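Engineer: One predicted model, sequence on top.
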Amino acid sequence: MHISCTILLLSLFVHVHSSNLDHDWLKWTLQHGKIYPNQTEAAFRRAVWDRNVRMVLEHNREVLRGRRNFTLGLNHLADMTSEEVNQKLNGLKVDEVAWVTNYTRKVTLPRSLDWRTNGLVGPVQDQTSEEVNQNLNGLKMDEVARVTNYTRKMTLPRSSDWRTKGLVGPIQNQISEEGNQKLNIFKVDEVARDTNYSKVTLPRSLDWRTKGLVSPVQDQVRQIIIILPPKIINSRTTSFKKSCLTSPVSKGICGSCWAFSSLGALEGQMKKRTGNLVPLSPQNLLDCSSVDGNHGCRGGYITKAYRYVIRNRGVDSERFYPYERQSGKCRYSPKGKAGYCSNFRVLPGGDERALKATLADVGPLAVAVNAMLPSFHLYRGGIYDDPDCEAKFINHAVLLVGYGSDRGREFWLLKNSWGSAWGEDGFIRISRNRNNVCGVANFAVYPQL
């Protein structure tokens, strides 16, 4: 924790709060392009901003008292309520998590089970049948190798039936096309529990930025710039660009975190394969993956982003298909193709050891976190460990790019998509190995080329 920076930051807010709040409010609005359509809206935003100033001030006082390990600041979200940020920016859809990690619910299981008695098991097929092998046996040998590493010494039971442990769900009918479409969201290799990390030597710290696998921070937020009524234009606003006062623009805010997160992990894999780091197009996903179940600026799924890339056999580069912060008509072209994948894997839910090992082995990972708290929205620096950031709630997708420790405190390093004005130049350090802070290990995914 950088105490000197904290003291300087605190002094600034003391000055702001006590002497010339009006001047600093105007300076902040000009800095971030916050010009409002009428006095009512401006008064409301000012009230929200004032409340956030007080919260930042009090929080940073707690830092000086040694009760907090991270600082807050007035970034471009400071005139928004936490409810607005969660609704408009945190667009990760999370119902898919239930398929992978929802094993904590209380379920009463029978002492014995045999689905044959319920008529759910068809006649035994002959595996020598070419048709059966082609259509049903979709497991690849290299995937099995990652999961069934039996070279380690272990004592095996004489018999085993995982049905008695509650680990075998109801049998589905593979003949049903509808059942396959709805249930095969994750293939076998995607949900495989790759947890044999006890004998793997991992580096003490890791930052994939230093290896060139992380592209520059982007900003999913649309700065809302609306024409300013002439009567309130004065000498204090003349320093602002004239075009912003004459050309009203209001395109809202885009909940596209899922697109940035999924493509960030794919960029890293493409860099490893080709040697070139090419930023990929979130706009391509916003406009073109609705058929796969995503909802553009209204939110989406990491896994369904990859399903689109697989189905489409590619995704365009950011340069060819630039980000517009609003959903539009699909304009994908193979001419701009810069990334592709053939599959993806989902890590064990809640396992920080597995998360660390996979991050070190594979590269940047698309992960989900709880970004509901105002302290997350106004995070400035340090190791984030808000005790109210519960692991069971995740609503925001980010990119996990590294881990390390700072003065004995372990952390995860994550890239956000709220611009470089947020956090530590667009990044956040979240406490590591402290009961899965903010649910950072609940849902992690990476693509396979």
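Structural biologist: All right, it came through fine.
Engineer: how about the longest helix along the chain: buried residues?
Structural biologist: Ranked by residue count, the top helix of the chain under DSSP state H comes out as helix 39-64. By neighbour count, with 16 or more other Cβ atoms under 10 Å as the criterion, the buried positions of helix 39-64 are 42, 45-46, 48-49, 52-53, 56-57, 59-60, 63. For the C-beta atoms, the positions are set from N, CA and C on the backbone; glycine is no exception.
Engineer: Repeat that for stretch 263-272.
Structural biologist: 263-271.
Engineer: List just the nearest of those to residue 373.
Structural biologist: residue 264 (22.8 Å; Cβ to Cβ).
Engineer: what's near enough to touch that closest one?
Structural biologist: Counting by Cβ atoms under 8 Å, 6 or more residues apart in numbering, residue 264 touches 214-215, 364, 366, 399, 415.
Engineer: Residue 117: which of those residues is nearest?
Structural biologist: residue 366 (42.0 Å).
Engineer: What separation do you get for residue 417 and residue 399?
Structural biologist: 8 Å (Cβ to Cβ, to the nearest Å).
Engineer: Any stretches of the stretch 201-350 of the chain with poor pLDDT?
Structural biologist: 222-252 (pLDDT under 70).
Engineer: elements contacting the lengthiest strand in the chain?
Structural biologist: In the chain, assigned by DSSP state E, the strand with the most residues is strand 396-406. If contacts are counted by 3 or more Cβ pairs under 8 Å, 6 or more residues apart in numbering; DSSP states H and E, strand 396-406 sits against strand 206-207, helix 257-274, helix 352-362, strand 365-369, strand 409-415, strand 427-431.
Engineer: Go ahead and name everything in contact with the helix or strand following the second one.
Structural biologist: Using DSSP states H and E, the next helix or strand after helix 257-274 towards the C-terminus is helix 282-288. Taking Cβ under 8 Å, 6+ apart as the criterion, the residues outside helix 282-288 that touch it are 218, 220, 254, 256, 258-260, 262-263, 294, 296-297, 300, 305, 308, 312, 315-316, 318, 321-324, 326-332.
Engineer: excluding its backbone neighbours, what's nearest residue 206?
Structural biologist: Excluding the flanking residues, the one nearest residue 206 by Cβ to Cβ, 6 or more residues apart in numbering is residue 402, at 4.7 Å.
Engineer: residues near the one you found, how many?
Structural biologist: Residue 402 has 24 neighbouring residues, counting by other Cβ atoms under 10 Å.
Engineer: Go ahead and confirm it touches residue 204.
Structural biologist: No - when contacts are counted by Cβ atoms under 8 Å, residue 402 is not listed as touching residue 204 (11.5 Å).
Engineer: circling back: which two in the contacts of residue 264 are spaced the farthest apart?
Structural biologist: 215 and 366 (13.6 Å).
Engineer: Among the two, which residue is more densely surrounded?
Structural biologist: Neighbours were counted for residue 215 and for residue 366 using other Cβ under 10 Å; residue 366 has more, 28 against 21.
Engineer: Residue 446 is in contact with that one, correct?
Structural biologist: Yes - between residue 366 and residue 446 there is a contact at 6.7 Å, judged by Cβ under 8 Å.
Engineer: joint contacts of these two?
Structural biologist: residue 265.
Engineer: From residue 75, how far out is the residue nearest to residue 206?
Structural biologist: According to Cβ to Cβ, residue 402 and residue 75 sit 22 Å apart.
Engineer: now do residue 419
Structural biologist: In terms of Cβ to Cβ, residue 419 sits 8 Å off from residue 75.
Engineer: do the same with residue 27
Structural biologist: From residue 27 across to residue 75, the span is 14 Å (Cβ to Cβ).
Engineer: more crowded one of those two?
Structural biologist: residue 75 (20 against 14).
Engineer: Would you list the phi and psi of that one?
Structural biologist: The phi/psi pair for residue 75 (degrees, to the nearest 10) reads phi -90, psi -170.
Engineer: Give me the helices and strands touching the following helix or strand past the longest helix of the chain, please.
Structural biologist: Later in the chain than helix 39-64, the nearest helix or strand by DSSP H and E is strand 70-72. Using 3+ Cβ pairs under 8 Å, 6+ apart, the elements in contact with strand 70-72 are helix 3-18, helix 39-64, strand 379-384.
Engineer: at 7 Å instead, please
Structural biologist: Taking 3 or more Cβ pairs under 7 Å, 6 or more residues apart in numbering; DSSP states H and E as contact, the helices and strands that strand 70-72 lies on are helix 39-64, strand 379-384.
Engineer: Okay, angle between the first one and strand 379-384 too, please.
Structural biologist: Inter-element angle recorded for helix 39-64 and strand 379-384: 30 degrees (by axes from the mean of the first three to the mean of the last three Cα atoms, to 10 degrees).
Engineer: pLDDT of helix 39-64, averaged?
Structural biologist: Here helix 39-64 scores 95 as its mean pLDDT.
Engineer: And that helix, what does it pack against?
Structural biologist: helix 3-18, strand 70-72.
Engineer: Can you flag the weakest of the ones you listed by average pLDDT?
Structural biologist: Among the helices and strands packed on helix 39-64, helix 3-18 carries the lowest mean pLDDT (a mean of 46).
Engineer: Next SSE downstream of that one?
Structural biologist: helix 21-31.
Engineer: hmm, back to that, narrow the contacts of helix 282-288 to those that are buried.
Structural biologist: Looking at the contacts of helix 282-288 with 16+ other Cβ under 10 Å, the buried ones turn out to be 218, 220, 254, 256, 258-260, 262-263, 294, 296-297, 300, 305, 308, 312, 315-316, 318, 321, 323, 326-327, 332.
Engineer: Setting the sequence-adjacent residues aside, check what's closest to residue 70.
Structural biologist: Using Cβ to Cβ, 6+ apart, the closest residue to residue 70 is residue 382 (3.2 Å).
Engineer: where's the one you found relative to residue 411, distance?
Structural biologist: 9 Å.
Engineer: and what of residue 432?
Structural biologist: On the measure of Cβ to Cβ, residue 432 and residue 411 end up 5 Å apart.
Engineer: Next, show the common contact partners of the two.
Structural biologist: residue 403 (Cβ atoms under 7 Å, 6 or more residues apart in numbering).
Engineer: burial count for residue 293?
Structural biologist: With other Cβ under 10 Å as criterion, residue 293 counts 16.
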